[in-house]
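Asks: Sharing a model that was predicted from the sequence below.
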2 protein chains.
Amino acid sequence: MVNTKDAPRSVVKRLPVYLRILDNLIRRDVDIISSSELSEETGFTAEQIRKDLAYFGAFGTRGKGYNTSFLRDKILSIIGLDKLTNVIVIGAGHLGIALSRYTITKNPYVKIVGIFDNDPKVVGGNILGVPIYHVDEMEKVTKDNDVKAAIIAVPAEYAQAAVDDAIRSGVKVFLNFAPTKLDVPEHVFIHNADLSIELQSIIYYAST
Amino acid sequence: MVNTKDAPRSVVKRLPVYLRILDNLIRRDVDIISSSELSEETGFTAEQIRKDLAYFGAFGTRGKGYNTSFLRDKILSIIGLDKLTNVIVIGAGHLGIALSRYTITKNPYVKIVGIFDNDPKVVGGNILGVPIYHVDEMEKVTKDNDVKAAIIAVPAEYAQAAVDDAIRSGVKVFLNFAPTKLDVPEHVFIHNADLSIELQSIIYYAST
DNA sequence: CATTGTGAACGGATTCACAGCC
DNA sequence: GGCTGTGAATCCGTTCACAATG
């Protein structure tokens, strides 16, 4: 059974880690991997890995381990990355552009179909071939490409408006880099990736 | 009592959120705030906020609430941001530069004292006045400035070497943007902020 | 017989409910 | 009276230990 949707957030956050390891193994022509070897590679315990996978089904072979390609495909399908996933980036400042470049060049499985800004100086340009549109065009681009996910990289004061626009255009999930709390309806999912907060929170562990 | 060091990670991650809200309130000349008002602003429950603060002491006044400036100062001191915190960025590619600019302009309480790379084309330059050094100079710069925290923004294949160098230079905590697992000694703290993984993990919530 | 899959035990974090105090 | 501070209860995720099985 795939896509149970009630898996704990903590489990879902580990799935892409497994995915990356499996991609590396497949590239190195490794066919079979055990949970204890995966534990080595990921730093998670072997039991945890087996439990994580068990939320979605029984993908291994007792006595042997997991077939790397088979498990990779299962995880892709669980996450929803088996079909092409179109994403937009809102904000074409330094951070938005760097995040776009990074995602375009480094992230398999997702495709950025547009970057949005309201500054006429950048609208009309492109980043590695991906057009920068005016925010007014968001609804059209988003609907034409069936976009369900957005990266928010605008200043805090514009972030709520950006999210509201995107939700109106059908976007369901957000990766938010703006340093502010965003109010969204129940059915919308937001993951905050606030760089200042993450940096400050590690400072706590720097003394002694 | 300040700086108990055994507070749960989950609590520590919320402290900078409180800090930001308090800074905003102080800027708007709000002197007193209750846990339920803080709950409004943060999205965390009032009980949780009170419990979080209680790990470190009793900072409020029963019947009234918390004095914003007093609480801000306490939290700064708990995190260790009361004294100036010097940070380095390793990697001067697009992402490293964007993260540097962002931190320099948007992050109060921390100061970037150097950006490191091994590409002679960028070494010698600067970002908003912060010099880009060759990685060979890391130990000197880090020790001269008592740097305890680093942001890793190099490609995956260089990340382990970068971290090893930094640890040798006395760095204790890392914010890692490289898409790879890093092995570090027990006493070193790493927080992974892998953009591909965070993006992929939210896609899970995009269907239906 | 090695390794998966899983119920049970455990532990840590959140929520509840109220006592304590300004 | 109202809000903080906190023990108790609960919830949830991780670890343990072992039964199931290719």
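Replies: Nice, thanks for sending it over.
Asks: Just the element for residue A:16, please.
Replies: helix A:9-27 (DSSP states H and E).
Asks: got a list of contacts for that helix?
Replies: With contacts defined as Cβ atoms under 8 Å, 6 or more residues apart in numbering or on different chains, helix A:9-27 is touched by A:33, A:38, A:41-42, A:44, A:48-49, A:52, A:55, A:68-69, A:71-72, A:75-76, A:78-79, A:81, A:108, B:179, B:196-197, B:200-201, B:204-205. (Each C-beta comes from the backbone N, C-alpha and C, glycine too.)
Asks: same deal with stretch A:153-169?
Replies: With Cβ under 8 Å, 6+ apart as the criterion, stretch A:153-169 contacts A:88-91, A:93, A:95-96, A:99, A:135, A:138-139, A:142-143, A:147, A:150, A:152, A:174, A:176-180, A:182-185, A:188, A:190.
Asks: that older thread, buried among the contacts of helix A:9-27? Make that a PyMOL selection.
Replies: The buried residues among those can be selected in PyMOL (16 or more other Cβ atoms under 10 Å in any protein chain shown) with this line:
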select buried, (chain A and resi 33+38+41+42+44+48+49+52+68+71+72+75+76+78+79+81) or (chain B and resi 179+196+197+200+201+204+205)
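Asks: Restricted to strands, list the contacts of helix A:9-27.
Replies: Among the contacts of helix A:9-27, the members found in strands (DSSP state E) are residue A:33.
Asks: How is chain A partitioned into domains?
Replies: A:9-79, A:85-198 (automatic domain parsing).
Asks: Tell me if stretch A:200-208 is near chain B.
Replies: Yes: remark: stretch A:200-208 sits within contact range of chain B at A:200-208, by Cβ under 8 Å from any Cβ of the partner chain.
Asks: can you list these in TSV and add distance to DNA strand C and pLDDT?
Replies: TSV is the format used below for the residues of stretch A:200-208 next to chain B (distance: Cβ to the nearest atom of the strand, whole Å; pLDDT from 0 to 100):
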residue	distance to DNA strand C	pLDDT
A:200	18	97
A:201	13	97
A:202	16	97
A:203	18	97
A:204	14	96
A:205	14	95
A:206	19	94
A:207	19	85
A:208	20	65
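Asks: Give me the three-state assignment for whatever residue of chain A ends up closest to DNA strand D.
Replies: Closest to DNA strand D within chain A is residue A:63: 2.6 Å, counting by Cβ to the nearest atom of the strand. For residue A:63, the assignment made with DSSP: H, G, I helix; E, B strand; the rest coil gives coil.
Asks: For residue A:35, see how far away it is.
Replies: 12 Å (Cβ to Cβ, to the nearest Å).
Asks: These two: who's more crowded?
Replies: Set side by side, residue A:63 and residue A:35 show more neighbours around residue A:35, with 20 against 6, by other Cβ atoms under 10 Å in any protein chain shown.
Asks: returning to what we had before: are any of the contacts of stretch A:153-169 buried, and if so which?
Replies: The buried subset of these (16+ other Cβ under 10 Å) comprises A:88-91, A:93, A:95-96, A:99, A:135, A:138, A:142, A:147, A:150, A:152, A:174, A:176-180, A:182, A:184, A:188, A:190.
Asks: any idea how far residue A:42 lies from residue A:182?
Replies: Taken as Cβ to Cβ, the span from residue A:42 to residue A:182 is 31 Å.
Asks: quick one: which helix or strand includes the residue nearest to the spatial centre of chain A?
Replies: For chain A, residue A:175 is the residue whose C-alpha lies nearest the centre (Cα atoms, centre = their mean; 7.3 Å). Assigned by DSSP H and E, residue A:175 belongs to strand A:173-176.
Asks: Neighbouring strands of that strand in the sheet, and parallel or not?
Replies: strand A:149-152 (parallel), strand A:189-192 (parallel) (DSSP bridges).
Asks: Not counting stretch A:182-195 itself, show me its contacts.
Replies: Identification of contacts with stretch A:182-195 by Cβ under 8 Å, 6+ apart yields A:152, A:159-160, A:163, A:167, A:171-179, B:99, B:102-103, B:106-107, B:193, B:195, B:198, B:201-202, B:205-206.
Asks: cool, and stretch A:47-61?
Replies: Taking Cβ under 8 Å, 6+ apart as the rule, stretch A:47-61 contacts A:1-4, A:7, A:11, A:14-15, A:18, A:35, A:38-39, A:42, A:44, A:66-67, A:70-71, A:74, A:78.
Asks: 6 Å - rerun?
Replies: Residues from elsewhere that reach stretch A:47-61 (Cβ atoms under 6 Å, 6 or more residues apart in numbering or on different chains): A:1-2, A:7, A:11, A:14, A:35, A:38, A:66, A:71, A:74, A:78.
Asks: Residue of chain A closest to chain B, please.
Replies: Residue of chain A nearest chain B, by Cβ to the nearest Cβ: residue A:98 (3.3 Å).
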